[in-house]
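**Q** need a structure here:
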Amino acid sequence: MRKTGWLVVMMAGLGSAGIVHGAGEAPAIYSFSMKDIDGQDVALEAYRGKVLLVVNVASKCGFTRQYAGLEKLYGQYKDRGFVVLGFPANNFMGQEPGTDEEIKSFCTLNYGVTFPMFSKISVKGKSIHPLYAYLTDDKQHPGTGGAITWNFNKFLIGRDGAVLAHYGSRMEPDDPKLAKAIEAALETDPATGAAADP
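**A** All right, here's what the predicted structure looks like:
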């Protein structure tokens with residue numbers, strides 16, 4: 001009985017986060033609706049067919065310098081359908097204490113960030129946002145799931161919405177392995193995720 005009640009609460013929470021599931025629908029990542037850094041609703045459906053790098057970011061972390069590399073990566077590949085999505089989170093040693101407005105100002109002034117940034121969320125623990133509960137779910141994503149280990153973990157999402165890889169914080173944005181994975185994902189068919197015809 002207790003387990004059933006917990007399931008009902010979880011489903012209610014998912015529904016309130018803007019998640020809609022139905023038979024034959026697209027991968028669940030496109031079902032999320034998020035608040036951007038300016039407080040506007042953004043349906044991740046808007047990124048269908050693109051290759052995404054979903055990153056939990058922070059302003060006072062040893063990895064904060066990766067903002068520069070992420071922006072460079074975005075500039076390099078955005079015309080081919082690649083987008084970096086930044087999600088500020090204060091889960092690790094209080095390294096993202098600012099308001100959304102302060103975070104936006106920090107990123108823009110210090111790193112010239114132009115890739116989409118979103119409102120601060122939780123990426124672990126009891127308060128984990130449903131988007132990150134989905135991304136880190138080992139059962140749904142064997143091999144790429146698993147808890148966020150620190151700021152600047154990275155999920156690579158294919159054109160078909162599939163989670164292709166989960167990188168730790170030490171995976172630098174300019175690492176050739178990451179570039180190779182992004183390029184391979186960009187060469188796939190948006191509908192199937194399979195390699196596109198030459």
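
**Q** Look at the closest residue in space to K139 that isn't next to it in sequence and report its pLDDT.
**A** Excluding the flanking residues, the one nearest K139 by Cβ to Cβ, 6 or more residues apart in numbering is G145, at 7.4 Å. Every C-beta, even on glycine, is put in place using the N, C-alpha and C of the backbone. The per-residue pLDDT reported for G145 equals 94.

**Q** wait, G145 sits on T136?
**A** Yes: assessed by Cβ atoms under 8 Å, G145 is found in contact with T136 at 5.3 Å.

**Q** circling back to that earlier point, so what's the residue nearest to K139 up against?
**A** L135, T136, D137, D138, K139, V163, H166 (Cβ atoms under 8 Å, 6 or more residues apart in numbering).

**Q** show me where this protein has helices.
**A** Counting by DSSP state H, the segments of the chain that form helices are 2-16, 66-77, 100-111, 130-135, 176-186.

**Q** Out of the ones you listed, which gets nearest to I29?
**A** With Cβ to Cβ, the closest approach to I29 among those belongs to helix 130-135: 7.0 Å.

**Q** If you rank every helix and strand of the chain by mean pLDDT, what lands last?
**A** Scoring the helices and strands of the chain by mean pLDDT, DSSP states H and E places helix 2-16 at the bottom, with a mean of 37.

**Q** Thanks again, I'm all set now.
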